[in-house]
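Visitor: coords below, sequence missing:
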């Protein structure tokens with residue numbers, strides 16, 4: 001059983017990656033022209049999608065790695081690098097720039113809702129969040145461990161939903177500069193967590209170096 005400080009660290013790290021406050025301007029941009037009722041429906045669907053994606057990663061993430069023969073040490077390094085890149089991007093106050101093909105752009109024009117793609121995935125529950133869940137899940141095997149991680153995912157989803165619900169008020173008082181400052185602070189915390197992932201992964205890959 002891990003110490004509760006580890007779960008606190010995961011909660012902070014997952015909040016930093018999902019970045020509910022940073023998602024506010026993205027949500028506003030993607031839902032411009034929608035009615036308030038439609039925005040409410042999109043926020044609910046996006047929150048559910050994020051929760052389901054991360055719970056799915058918690059439940060079967062390790063089995064997927066085992067199926068492809070990927071060691072957790074190498075996954076720690078790869079996941080840590082990915083999270084570090086996201087942290088650097090956040091410290092430069094940049095949103096997640098996901099490149100999409102022309103076919104995906106054309107397909108998205110006919111979607112009834114943008115809640116799942118691209119809002120929930122890959123903008124919110126993207127590779128960084130999925131990697132974080134899998135990496136922390138591997139640290140223990142007890143049911144209580146998985147239950148606590150599930151509670152963390154639920155808490156992050158609720159924070160995300162509250163951020164979406166607060167958009168009418170946030171947009172009035174929160175400037176882009178304030179959003180950027182918050183993103184930079186969370187990016188710094190996230191970078192420190194990423195370095196720990198990379199260091200532990202290198203120790204596993206090259207135990208003789210330690």
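Guide: Yes, it's here. Because the structure is a prediction, the values reported are computed rather than measured. Numbers count the residues shown, from 1 in each chain.

Visitor: Could you pull out the buried residues of the helix ranked longest in the chain?
Guide: Longest helix in the chain, counting residues (DSSP state H): helix 36-67. By 16 or more other C-beta atoms under 10 Å, the buried positions in helix 36-67 come out as 39, 42-43, 45-47, 49-51, 53-55, 57-58, 61-62, 65. C-betas here are computed from N, CA, C, even on glycine.

Visitor: How about stretch 77-88?
Guide: Neighbour-count burial for stretch 77-88, counted by 16+ other C-beta under 10 Å, picks out 77-80, 82-84, 86-87.

Visitor: Show me those that map onto helices.
Guide: Using DSSP H, 77-80, 82-84, 86-87 are the members of these that sit in helices.

Visitor: Tell me the one of these nearest residue 8?
Guide: Each of those was checked against residue 8 using C-beta to C-beta; the closest is residue 83, at 17.3 Å.

Visitor: Which pLDDT value goes with that closest one?
Guide: On pLDDT, residue 83 comes in at 74.

Visitor: What of the one 3 residues further on?
Guide: We have a pLDDT of 71 for residue 86.

Visitor: got the residue ranges for the helices in this protein?
Guide: 4-18, 20-30, 36-67, 72-91, 102-108, 127-137, 143-165, 167-173, 176-205.

Visitor: just checking, which of these sits deepest inside the structure?
Guide: Neighbour counts (mean count of other C-beta atoms under 10 Å) averaged over each of the helices of the chain peak at helix 127-137, with a mean of 23.

Visitor: Contacts for that helix, please.
Guide: Helix 127-137 is touched from outside by 6, 10, 13-14, 17-18, 50, 53-54, 57-58, 61-62, 65, 72, 75-76, 78-79, 82-83, 86, 145-146, 149, 153, 197, with contacts defined as C-beta atoms under 8 Å, 6 or more residues apart in numbering.

Visitor: Please state the offset of that helix from the chain centre?
Guide: Remark: helix 127-137 is offset 8 Å from the chain centroid, using C-alpha atoms, centre = their mean, to the nearest Å.

Visitor: next one: stretch 203-210
Guide: Worked out by C-alpha atoms, centre = their mean, stretch 203-210 lies 29 Å from the chain centre.

Visitor: cool, and stretch 163-177?
Guide: Centre-to-centre, stretch 163-177 and its host chain are 20 Å apart (C-alpha atoms, centre = their mean).

Visitor: Over to stretch 60-72?
Guide: In terms of C-alpha atoms, centre = their mean, the centre of stretch 60-72 is set 20 Å apart from its chain centre.

Visitor: Nearest residue to residue 165 in space, please, no chain neighbours.
Guide: Using C-beta to C-beta, 6 or more residues apart in numbering and skipping residues adjacent in sequence, the residue nearest residue 165 is residue 43, 6.7 Å away.

Visitor: ok so, going back, to residue 121, which of the helices of the chain lies closest?
Guide: For residue 121, the closest of the helices of the chain is helix 36-67, at 5.9 Å, according to C-beta to C-beta.

Visitor: quick one: average confidence on the closest one?
Guide: 91.
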